[in-house]
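Student: Have a look; sequence and predicted model below, questions after that.
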Amino acid sequence: MTAGKALELLLFVGVIMAQTGEVVHLPPPKTRGKMSVEEAIARRRSRREFENVPLTLEQLGQILWAAQGITDREHGFRAAPSAGATYPFETYVIVGAVEGLVPGIYHYIPYGHTLVLLKRGDFRRALCDASLRQEFIAEAPASIVLAADYQRTARFYGERAYRYVPMEAGHIGENIHLQCEALGLGTVMVGAFYDEQVRDILDIELDPLYVIPVGKPK
Ligand SMILES: Cc1cc2nc3c(=O)[nH]c(=O)nc-3n(C[C@H](O)[C@H](O)[C@H](O)COP(=O)(O)O)c2cc1C
């Protein structure tokens, strides 16, 4: 086992031990789909109207994999590029209607491709209010929140991290966007929200950069 892999495994175990919540194993992600990347790019559009239908666990797992899933287990590399592989982002999911999940706030663990339940309850309305009442956030079955620990990148790159980290939010966001499109789902990248309110809902100290509602488009 390489040092990188060992460190990641330790982090994974540490996160699981620190978060005593329920652990949900996501279905294995697919690396072949029905839509080409060219078609997904051509069709990609911000979608703000969602049908009142739940996501499946498979759909959610696939989107989380596209966001931050491990694509090279030997080195711990992920689906989206990261400056010096410092991986400053944590991925949270505010679940309202996902088959097989109780409504709540979940934390995605890339190494295990698992979700850890942090808090039970439907926090979609609170997230919508924190996001300047953009109503589609309350209507989407789930929203992903990307939150960064700038220090992970700043430790290596100093001030440059304040440029690199938002760039990485863009990479992760576009992966989510294209994966949604390829699955026949819709999303929109939301940057307009009160950071402090989103932090309070999630009970985190990290910096939220994107709120990303996901659902079946109308
Ligand atoms: C950094 C960023 C922040 C955004 N914030 C919001 C937002 O708060 N609410 C929203 O409805 N759309 C938001 N958008 C989506 C843009 O409005 C959308 O991408 C743009 O209108 C172009 O449309 P298209 O994505 O369909 O090509 C954001 C996009 C980016 C890149």
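Tutor: Yes, it's here.

Student: centroid residue for this protein?
Tutor: Geometric centre of the chain, nearest residue: Thr91, 3.9 Å, by Cα atoms, centre = their mean.

Student: Please name the nearest non-neighbouring residue to that residue.
Tutor: Once flanking residues are discounted, Thr91 sits nearest to Tyr108: 4.1 Å by Cβ to Cβ, 6 or more residues apart in numbering. From N, CA and C alone the C-beta is placed, and that goes for glycine too.

Student: who does the host helix or strand of Glu181 touch, helix- and strand-wise?
Tutor: In this assignment (DSSP states H and E), Glu181 forms part of helix 161-182. Where contact means 3 or more Cβ pairs under 8 Å, 6 or more residues apart in numbering; DSSP states H and E, helix 161-182 is packed against helix 37-43, helix 57-68, strand 89-95, strand 142-148, helix 150-157, strand 186-187, strand 207-215.

Student: orientation of the fourth one relative to strand 207-215 in degrees?
Tutor: Strand 142-148 and strand 207-215 are oriented at 160 degrees to each other (axes from the mean of the first three to the mean of the last three Cα atoms, to 10 degrees).

Student: List the strands paired with strand 142-148, with their directions.
Tutor: When pairing is defined by DSSP bridges, strand 142-148 lines up against strand 89-95 (antiparallel), strand 207-215 (antiparallel).

Student: Out of these, flag the one nearest the ligand.
Tutor: strand 207-215 (7.5 Å; Cβ to the nearest ligand atom).

Student: Just the C-alphas of the closest one, formatted as CSV.
Tutor: In CSV, the C-alpha atoms belonging to strand 207-215 read as follows (Å, rounded to 0.1, in the frame of the first residue of the first chain):
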residue,chain,number,x,y,z
ASP,A,207,-16.7,27.4,3.2
PRO,A,208,-19.6,26.5,1.0
LEU,A,209,-19.0,27.5,-2.6
TYR,A,210,-21.9,25.9,-4.5
VAL,A,211,-25.5,24.7,-3.8
ILE,A,212,-26.5,22.2,-6.5
PRO,A,213,-30.1,21.1,-6.6
VAL,A,214,-30.7,17.9,-8.6
GLY,A,215,-33.9,16.4,-9.9
